[in-house]
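> 3D, please:
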Amino acid sequence: MGLLSLALLSWAGGAAAAPQTGPDKPAAEQESAGPLRLDGEIQAAFDAVGAKGVMVLLDDKQGKLLTNDAARSRHPYIPASTFKIPHSLLLLEAGIVEDEHSRFVWDGVERAYSRWNRDHNFVGAMKYSVVPIYQKLALQLGAERMARGLTNLDYGNVNIGGGLDSFWLDGDLAISALEQVNFLRRLYHNQLRVSERSQRIVKTMMLNEASGDWVLRAKTGYGVRKGQKLGWWVGWLEREENTYFFAMNMDITSDKDLVLRKRVVKHLLKAKGWM
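Numbering: from 1, shown residues only. The predicted structure follows:
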């Protein structure tokens, strides 16, 4: 059975929940997978498309952590729509959303992104980053459950200040690329402090592409906070022999730069011979 077929089946059982370390983690704890090492191929991937940013790459089997910029890899930034990964977990846990097939009726308000102006299921809401849907769901979840949930997930600085329906877009929530890959690795192994069912559903929703040799699960993000424009792409590439986690953030100078988010990562994965 190929990886594409396996991607459509249920996930294997996960391990026990990972211990919690709290929002203010020292560098040694952030690098729980191993020491952080510089890798010239990562910087070459940014240079190839003329982008400025950082990528953290984590080899699951060897626990090897690679980056092109150690300082920036630890710097926390607004997560923007990459927050839909933990947000979706909390919505499923609370029973506000039943599963990936749950449907949301368009409110009839015309918005700049045409893909937002229609009904969506939960998969589509994540895929197309339908902010209005997630904002409404955040208000239903409420501040108490949101704050407690992020603490249980040990996600970034767990700060929901700046508005319950916008703290991940331009508020006080922040996470580093290094923290992103460690969070994703725990999700992949079903080690987060939520049900295995919720983790399986969100991983299904994250499916981007697949071939006979690999499966790619990821989420984009684009945020503007205090004048700084930042693009994200975070996720992992599954191969039969190993899984590679990545978290990339880059400076955005114009809307044309948004296509570079995926381009940088794919350039690197192909250079490594994994994709």
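> and the closest residue in space to Trp116 that isn't next to it in sequence, how many neighbours?
Closest residue to Trp116 apart from its sequence neighbours, by CB to CB, 6 or more residues apart in numbering: Val130 at 5.1 Å. Quick note: C-beta positions are derived from backbone N, CA and C, even for glycine. By other CB atoms under 10 Å, 24 other residues sit near Val130.
> give me the pLDDT value at Val130.
Note on Val130: pLDDT of 97.
> ok, it touching Val123?
No. Using CB atoms under 8 Å, Val130 is not in contact with Val123; the gap is 10.9 Å.
> and the residue nearest to Trp116, how far is that from Leu92?
Distance from Val130 to Leu92, counting by CB to CB, to the nearest Å: 17 Å.
> gap between Tyr128 and Asn182?
27 Å.
> also Leu89?
Distance from Leu89 to Asn182, by CB to CB: 16 Å.
> which of the residues in stretch 149-161 are buried?
Within stretch 149-161, the residues scored as buried using 16 or more other CB atoms under 10 Å are 149-150, 152-158, 160.
> inside helices: which ones of those?
149-150, 152-153 (DSSP state H).
> return the member of the residues you listed nearest to Leu65.
Leu153 (20.5 Å; CB to CB).
> okay, Tyr128 and Asn182: which has more neighbours?
Higher neighbour count among Tyr128 and Asn182: Asn182, with 25 against 16, using other CB under 10 Å.
> specify the local secondary structure of the more buried one.
Classification of Asn182 using DSSP: H, G, I helix; E, B strand; the rest coil returns helix.
> those strands in the stretch 101-250 of the chain, which residues are they?
103-104, 120-121, 207-210, 214-225, 228-239, 243-251 (DSSP state E, counting those that start in this stretch).
> tell me the pLDDT at the closest residue to Gln135 other than its chain neighbours?
Among residues not flanking Gln135 along the chain, Asp165 sits closest, at 4.0 Å (CB to CB, 6+ apart). With respect to pLDDT, Asp165 has a value of 97.
> neighbours of Asp165, how many?
16.
> with Arg200 instead?
18.
> dig out what Ala210 forms beta bridges with.
Listed beta-bridge partners, Ala210: Val215 (assigned using DSSP bridges).
> these two touch, right, it and Leu216?
Yes. Ala210 is in contact with Leu216 according to CB under 8 Å; the separation is 6.8 Å.
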